[in-house]
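K.L.:
When you get a sec, could you give me coordinates for this:
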Amino acid sequence: MAKYLLLKHYRGAPAPANDVPMDRWTPEEISAHVRYMGDFAGRLEKTGEFVDGQALAPEGAWVRYDGEGRPPVTDGPFAETKDLIAGWMIIDVDNYERAVELAGELSAAPGAGGKPIHEWLEVRPFLTAPPTITE
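P.N.:
Model prediction:
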């Protein structure tokens, strides 16, 4: 088994698809979307493939170290970016192909009008062993 992080990038759907921003969805459409996510996670819990997941608020900031004795530097909120990471899910699956299959299914979560949103998901494997240096 290998662990993967599925990052839910809320970039909007491809233009011909269901490209309606979530702030224009009805309360029922939002509820259907959240229900789909919960049902998806519940199904993966039963197969042992779900590890954890969480939705994220749109607010946030970039933070970095700025030197000894200096406060961290922040930049944000990042409304200027075209990408918003709306949430994440950790799965533990047999192989990369299964991770991609599940990401594709998760991308079909309903949005406006109950149609799939074609949301972008980034599939990132967990680093299993530190890289080794050989001479």
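K.L.:
Would you double-check that residue 121 falls in a helix?
P.N.:
No. Secondary structure assignment places residue 121 outside any helix; it is strand (DSSP: H, G, I helix; E, B strand; the rest coil).
K.L.:
Which stretches in this structure count as helices?
P.N.:
Using DSSP state H, the helices found in the chain span residues 27-47, 96-106.
K.L.:
Burial-wise, tell me which of these comes out on top.
P.N.:
helix 96-106 (a mean of 16; mean count of other C-beta atoms under 10 Å). Every residue, glycine included, has its C-beta placed from N, CA and C.
K.L.:
Tell me how far it lies from the chain's centre.
P.N.:
Taking C-alpha atoms, centre = their mean, to the nearest Å, one finds the center of helix 96-106 at 12 Å from the center of the full chain.
K.L.:
picking up where we left off before, would you format the helices of the chain as a markdown table with mean pLDDT and distance to residue 72 included?
P.N.:
Written out in a markdown table, the entries for the helices of the chain read as follows (pLDDT from 0 to 100; distance: least, C-beta to C-beta, whole Å):
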| stretch | mean pLDDT | distance to residue 72 |
| --- | --- | --- |
| helix 27-47 | 96 | 33 |
| helix 96-106 | 96 | 33 |
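K.L.:
What is the burial count for residue 119?
P.N.:
Around residue 119 there are 22 other residues, counting by other C-beta atoms under 10 Å.
K.L.:
right, and the helices of the chain - which one's nearest residue 67?
P.N.:
The closest approach between residue 67 and any of those, judged by C-beta to C-beta, belongs to helix 96-106 at 39.0 Å.
K.L.:
Relative to residue 68, which of the helices of the chain is closest?
P.N.:
Nearest to residue 68 among these is helix 96-106 (40.7 Å), distances taken as C-beta to C-beta.
K.L.:
just checking, what packs against that closest one?
P.N.:
Using 3 or more C-beta pairs under 8 Å, 6 or more residues apart in numbering; DSSP states H and E as the contact criterion, the neighbours of helix 96-106 among helices and strands are strand 2-9, helix 27-47, strand 85-93, strand 120-125.
K.L.:
quick one: contacts of the second one?
P.N.:
The reference is to helix 27-47. Contact partners of helix 27-47, identified using C-beta atoms under 8 Å, 6 or more residues apart in numbering, comprise 22, 25, 50, 53, 55, 87, 89, 91, 102, 105-106, 109-114, 117.
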